[in-house]
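In: from the sequence below, what's the structure:
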Amino acid sequence: MGAWSTSILGDDFASDVYAGFMDDYNDGGELEAIRAKLERECADAIADSDEGPVFWLALAKAQWDCGALEVDVRERVRHIVENGLGLALWEDEPARDLAKRKKVLAEFYSKLQTPRPNPKKRKKPRLKPAIFAPGDCLTLTLPSGLYGAAVVLVADNNHKTEGQNLVAAVRYRSAQKPSPKVFESRDWLVMNHHGWREMPLIWWFPSRGFRRHAPRVEKAGFLQVAPPIPKHSQSYADWDTLAASIDDQFDWEAGKRD
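Out: Below you'll find the predicted structure:
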């Protein structure tokens, strides 16, 4: 489940759609072109019974916030709310969360009936810098409840709005937090399960969205970044994926994953 709260934007996908709209809006993009671009890029998700409603809700919020809500988008929200679309994601959650989500949707649709009093104006994007510095050692709380370890290799702030960190996972999973010696070992975690072919888990992670993952990522020290530490990767992911992938590899090795 990509949702972390019952709010309209309390979902990874919704947050990405909204952010994509606002990025192009602040860059001076035409509203019609922004919508067309999002629909094109998210075509597969829109066709999905779970993610489709999330897309239209996020688009509606972005348009409403900018004083540009289109009638057909508002009608899609009405259809979603009246028919309970996209609520399957919440059926395995506590009943109170499902009820709260329904209430949030109803209140959101009601709000869409009148224009936003103070629409957001276009603003020049500001850089959200990379979260960590090269050499920062990270203790990760994994989905399994155990601890993992990773080292920040690069901080890249060359993008105009979003910094990113290149992070390498260390071969470590334990009920105890990693000691300095774990990081100093430079024993990088290699992925070999399923389609992975002995590839180190070294990925880029964005600054955007880190706040919701912050409770599970703890700075634990500093390691001098120097050869033979690799500093290149073509892979990108969010911070939760880093923790989950460490669990996946160790579970595979323990014979717990098919």
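In: from here on, just use CA atoms for contacts and neighbour counts.
Out: Will do.
In: please enumerate the strands of the stretch 51-200 of the chain.
Out: 136-141, 147-156, 164-174, 190-191, 199-200 (DSSP state E, counting those that start in this stretch).
In: what is the subsequent helix or strand relative to the last one?
Out: Once the chain leaves strand 199-200, the next helix or strand it forms, by DSSP states H and E, is strand 202-206.
In: what's the local residue count around Leu105?
Out: For Leu105, the neighbour count with other CA atoms under 10 Å is 21.
In: the closest residue to it other than its chain neighbours: what's it in contact with?
Out: Computed as CA to CA, 6 or more residues apart in numbering, the closest residue to Leu105 that is not its neighbour in sequence is Val81, at 6.2 Å. Shown in contact with Val81 (CA atoms under 8 Å, 6 or more residues apart in numbering): Lys102, Leu105, Ala106, Tyr109.
In: in the helix or strand hosting Ile246, what's buried?
Out: Secondary structure assignment for Ile246, by DSSP H and E: helix 239-253. Using 16 or more other CA atoms under 10 Å as the test for burial, helix 239-253 gives Trp239, Asp240, Leu242, Ala243, Ser245, Ile246, Asp247, Asp248, Gln249, Phe250.
In: return the item of those residues having minimum pLDDT.
Out: The lowest pLDDT within the buried residues of helix 239-253 belongs to Asp240, which sits at 83.
In: quick check, that one in contact with Arg212.
Out: No. If you go by CA atoms under 8 Å, Asp240 and Arg212 don't touch, sitting 9.6 Å apart.
In: for the helix holding Ile246, name the packing helices and strands.
Out: Where contact means 3 or more CA pairs under 8 Å, 6 or more residues apart in numbering; DSSP states H and E, helix 239-253 is packed against strand 164-174.
In: what mean pLDDT does the strand it packs on have?
Out: When pLDDT is averaged over strand 164-174, the result is 95.
In: for the residue nearest to Gly135 when sequence neighbours are not counted, what are its contacts?
Out: Once flanking residues are discounted, Gly135 sits nearest to Leu223: 4.6 Å by CA to CA, 6+ apart. By CA under 8 Å, 6+ apart, the contact set of Leu223 is Gly135, Asp136, Cys137, Val151, Phe183, Glu184.
In: mind checking which of the strands of the stretch 51-200 of the chain is nearest Ile34?
Out: Distance to Ile34, taken as CA to CA, is lowest for strand 164-174 among the strands of the stretch 51-200 of the chain, at 24.4 Å.
In: I'd like to know which elements the closest one is packed against.
Out: Under the contact criterion of 3+ CA pairs under 8 Å, 6+ apart, strand 164-174 touches strand 147-156, helix 180-184, strand 202-206, helix 239-253.
In: what does it contact?
Out: Residues outside strand 164-174 that contact it (CA under 8 Å, 6+ apart) are 129-133, 146-157, 178, 182-183, 186-190, 200-207, 231-233, 242, 246-247, 250.
In: how near is Ser110 to Arg116?
Out: Ser110 sits 12 Å away from Arg116, taking CA to CA, to the nearest Å as the criterion.
In: these two - which one has more neighbours?
Out: Taking other CA under 10 Å, Ser110 and Arg116 do not tie; Arg116 has more neighbours (16 against 11).
In: which residues does the more buried one contact?
Out: Trp64, Asp65, Cys66, Gly67.
In: among these, who's most crowded?
Out: Using other CA under 10 Å as the neighbour test, the contacts of Arg116 are led by Trp64, with 23 neighbours.
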